[in-house]
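Participant: just a sequence and a predicted model for now, questions to come.
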Amino acid sequence: MWRILWFLPVASQIPHVLLCGLLLASAVPFRFQRLSGFLFHTVAGVVSLLAPFLIYSPAVIGTFDSVHFFLQRFLGAFHLAINFAKAIAAAFMLITQLLGAYQVYETKARGLLISPNFLSCALLVDGAWFAVEVYRLIHQKYTVADEIDIMCKRTQRWVEGRTSRDAQVVLWVDAAAMLTYAFFNFAYPEPILKASIRREYPINDMHMLFSRQFACHALVPALISFVASHFTVKHQKSYIMQRILTQSLVFLLHCYGHFILGVYNAAHLGPFLVSGFYIALLVSIYVRVHHEEMADIAFDEANGPNQQTSFTTKKEPPGAGSNSCNVFHC
């Protein structure tokens with residue numbers, strides 16, 4: 001019976017209850033549904049960046065050190081630009097939380113231990129996030145006409161020479177880089193942290209848990225960048241702007257940890273410089289997509305908004321083959 005108390009929130013979990021409420025509201029059809037989802041990631045991101053102890057302290061017994069708080073802030077960078085997040089990120093976050101807690105509890109590892117409120121903290125935020133994302137996937141409004149319209153517009157832009165493979169190639173490079181980054185941070189958090197963190201801060205299981213949570217968030221852009229070339233130009237531009245925001249915040253956190261907190265050693269200089277130059281790669285994608293958007297606007301102004309390629313399906317007479325796809329200009 002006393003185990004039921006593990007799932008009941010206490011006063012220190014008011015931020016978790018607030019985030020859970022925003023998530024649930026984002027799944028209910030009402031006037032502020034979209035605003036609720038936006039506020040969830042905004043509040044989670046701002047709190048993780050400025051006051052991460054409000055979210056993570058109730059889940060442990062003891063006091064976080066500077067490296068704990070520093071690693072927690074990286075998660076806020078992804079929340080602030082995660083409008084394209086899918087259920088897979090929430091699922092990995094929840095699984096990582098539960099398996100990490102089990103490892104800390106069973107091994108009685110040195111450093112911080114989980115508190116009785118750990119499960120309720122994980123379920124109120126990551127559990128609710130996963131449930132809401134699955135609900136959205138099941139009830140997602142999807143029509144074949146919308147998909148065909150996107151394919152038509154993309155095909156028309158290729159036929160008329162208003163696009164190129166440059167942005168697609170750079171997006172694939174971004175996907176491969178982020179996938180590699182996420183894999184190594186999830187699979188080998190201890191050697192990576194020990195190689196870059198000063199010896200004054202001994203690495204424990206909670207440090208590795210936060211490193212794996214960062215890898216879960218990094219998996220989102222890794223997967224989306226693989227298919228982002230199939231987005232509309234407007235959505236590509238929005239997604240790349242979010243990637244630039246995320247990477248800029250990550251770079252600023254690297255500066256904060258290196259020059260202000262002083263938790264990094266000399267071996268961190270390499271990843272630190274790569275993190276900064278990576279922003280230039282993302283900016284190059286943005287410039288390319290922005291030029292394509294300007295070309296589309298100029299084309300519409302010159303030819304009219306109705307001058308576009310459309311696809312329709314027509315039933316062929318018996319014996320003439322299956323349904324065919326006709327192309328015409330309207």
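Facilitator: Looks like it came in fine. Numbers count the residues shown, from 1 in each chain.

Participant: show me how far the helix or strand containing Leu273 is from its chain's centre.
Facilitator: Here Leu273 sits within helix 269-303, counting by DSSP states H and E. Averaging C-alpha positions (C-alpha atoms, centre = their mean, to the nearest Å) puts helix 269-303 19 Å from its chain's average.

Participant: roughly how far apart are the closest residue to Leu8 other than its chain neighbours and Leu23?
Facilitator: Nearest residue to Leu8, sequence neighbours excluded (C-beta to C-beta, 6 or more residues apart in numbering): Ser120, at 6.5 Å. Glycine gets a C-beta too; all of them are placed from N, C-alpha and C. The gap separating Ser120 from Leu23 is 15 Å, by C-beta to C-beta, to the nearest Å.

Participant: ok, Ile279 next?
Facilitator: For Ile279, the distance to Leu23 equals 30 Å [C-beta to C-beta].

Participant: same check on Tyr278?
Facilitator: Distance, Tyr278 to Leu23, using C-beta to C-beta: 30 Å.

Participant: those two: who's more crowded?
Facilitator: Per other C-beta atoms under 10 Å, whichever of Tyr278 and Leu23 has more neighbours is Leu23, with 25 against 20.

Participant: my read: the more buried one touches Phe40, true?
Facilitator: Yes - using C-beta atoms under 8 Å, Leu23 is in contact with Phe40, at 5.4 Å.

Participant: so what sits against both of these two?
Facilitator: Common neighbours of Leu23 and Phe40, counting by C-beta atoms under 8 Å, 6 or more residues apart in numbering, are Trp129.

Participant: for the stretch 151-300 of the chain, what are the low-confidence residue spans?
Facilitator: By pLDDT under 70, the low-scoring segments of the stretch 151-300 of the chain are 157, 160-164.

Participant: for it, which segments count as helices?
Facilitator: Taking DSSP state H, counting those that start in this stretch as the criterion, the stretch 151-300 of the chain carries its helices at 166-187, 189-196, 205-227, 233-255, 269-303.

Participant: which of these is buried the deepest?
Facilitator: Greatest average neighbour count among the helices of the stretch 151-300 of the chain goes to helix 205-227 (a mean of 22), per mean count of other C-beta atoms under 10 Å.

Participant: elements contacting that helix?
Facilitator: Here helix 205-227 touches helix 66-79, helix 87-107, helix 166-187, helix 189-196, helix 233-255, going by 3 or more C-beta pairs under 8 Å, 6 or more residues apart in numbering; DSSP states H and E.

Participant: try 6 Å this time
Facilitator: When contacts are defined as 3 or more C-beta pairs under 6 Å, 6 or more residues apart in numbering; DSSP states H and E, helix 205-227 sits against helix 66-79, helix 87-107, helix 166-187, helix 189-196.

Participant: adding distance to Glu133, write those out as a markdown table.
Facilitator: Shown next, in a markdown table, are these (distance: least, C-beta to C-beta, whole Å):
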| stretch | distance to Glu133 |
| --- | --- |
| helix 66-79 | 14 |
| helix 87-107 | 4 |
| helix 166-187 | 18 |
| helix 189-196 | 25 |
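
Participant: which of the ones you listed sits closest to His230?
Facilitator: With C-beta to C-beta as the criterion, His230 lies closest to helix 166-187 of the helices and strands packed on helix 205-227, at 9.1 Å.

Participant: got the angle between the closest one and helix 269-303?
Facilitator: Computed by axes from the mean of the first three to the mean of the last three C-alpha atoms, to 10 degrees, the angle separating helix 166-187 from helix 269-303 equals 150 degrees.

Participant: how much space is there between the closest residue to Leu219 other than its chain neighbours and Ile260?
Facilitator: In space, and not counting its chain neighbours, Leu219 is closest to Ala182: 4.6 Å by C-beta to C-beta, 6+ apart. Relative to Ile260, Ala182 is positioned 26 Å away (C-beta to C-beta).

Participant: one more: Met93?
Facilitator: 28 Å.

Participant: of the two, who's got more company?
Facilitator: Met93 (22 against 9).

Participant: the more buried one reaches Phe214, doesn't it?
Facilitator: No - the pair Met93 and Phe214 fails to qualify as a contact (C-beta atoms under 6 Å) at a distance of 10.3 Å.

Participant: what's Ser211 in contact with, if anything?
Facilitator: The contact partners of Ser211, taken as C-beta atoms under 6 Å, 6 or more residues apart in numbering, are 185, 189.

Participant: cutoff 8 Å now
Facilitator: With C-beta under 8 Å, 6+ apart, Ser211 has these contacts: 71, 185-186, 189, 192-193.

Participant: cool, Leu75 as well?
Facilitator: Here Leu75 is in contact with 48, 52, 210, 213-214, 217 (C-beta under 8 Å, 6+ apart).

Participant: pLDDT wise, what is it at?
Facilitator: Here, the pLDDT recorded for Leu75 equals 78.

Participant: and for the one 10 residues further on?
Facilitator: According to the prediction, Ala85 has pLDDT 51.

Participant: and Gly127, by the same measure?
Facilitator: The per-residue pLDDT reported for Gly127 equals 86.

Participant: quick check: closest non-adjacent residue to it.
Facilitator: Leu94 (5.7 Å).

Participant: how near is the one you found to Ile224?
Facilitator: With C-beta to C-beta as the criterion, Leu94 and Ile224 are 20 Å apart.
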